[in-house]
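1. pasting the sequence and the predicted coordinates here, then a few questions.
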Amino acid sequence: MSSLNIFNIAGSGMNAQSLRLNLVASNISNASSVSSSEEDTYKSRQPVFSAELKNILNQKDAASKVNVLGVLESEAPAIMEYAPNHPKADKDGYIFKPNVNTVEEMANMMSASRSYQNNVEVLNTAKQLILQTLKMGQ
């Protein structure tokens, strides 16, 4: 495996965690939104990742990376709250709030941020090692 593949691997990890951070931000910013029907209510979104590891023994340029398979919307029901005086209340006096758990989202944010930071450290370390290797040839 080429030492330059490290940049691709860490870059794919940073890309995945960046998407995760964006989804967390979207979930948190919509956590207090209200709608008059369950169908129109914002649903929590989570990314789906997979690790791809190519067979190192059979390929010269083998590497691994993080693939983003997509984004899933939560299937949990919206939170129904009785608020007959709310302007968005339905005919029965209920409003619907998103199924976003802000505590869980904050934990996801800290985890994604830390993972992103770790990938940056991998890039910096790889860069320093390559620079040190180049200096040995002087």
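-> Yep, it's here. Residues are numbered from 1 along each chain as shown.

2. quick one: Q17 and Q128, what's the gap?
-> Distance of Q17 to Q128, given as C-beta to C-beta, to the nearest Å: 22 Å. No exception for glycine: its C-beta is placed from N, CA and C like everyone else's.

3. hmm, I typed the wrong one, I wanted K91.
-> According to C-beta to C-beta, K91 stands 65 Å off from Q128.

4. please apply the same query to V66.
-> Distance, V66 to Q128, by C-beta to C-beta: 23 Å.

5. give me the more crowded residue out of those two.
-> V66 (20 against 10; other C-beta atoms under 10 Å).

6. so which bits of stretch 42-49 are buried?
-> 42-47, 49 (16 or more other C-beta atoms under 10 Å).

7. using a markdown table, lay out the residues you listed together with secondary structure.
-> Converted to a markdown table, these look like this (DSSP: H, G, I helix; E, B strand; the rest coil):
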| residue | secondary structure |
| --- | --- |
| Y42 | coil |
| K43 | coil |
| S44 | coil |
| R45 | strand |
| Q46 | strand |
| P47 | strand |
| F49 | strand |
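
8. among those, which pair sits farthest apart?
-> Maximum pairwise distance in the buried residues of stretch 42-49, criterion C-beta to C-beta, is 22.4 Å, between Y42 and F49.

9. pLDDT score assigned to the spatially most central residue of the chain?
-> Centroid-nearest residue in the chain, with C-alpha atoms, centre = their mean: R20, separated by 1.2 Å. For R20, the pLDDT comes out at 96.

10. thought it was touching R114?
-> No. R20 lies out of contact with R114 (C-beta atoms under 8 Å); the separation is 11.2 Å.

11. what's the distance between the helix or strand bottoming out on mean pLDDT in the chain and the middle of its chain?
-> In the chain, no helix or strand scores lower on mean pLDDT, DSSP states H and E than strand 45-53, which sits at a mean of 86. For strand 45-53, the gap between its own C-alpha mean and the chain's C-alpha mean amounts to 9 Å (C-alpha atoms, centre = their mean, to the nearest Å).
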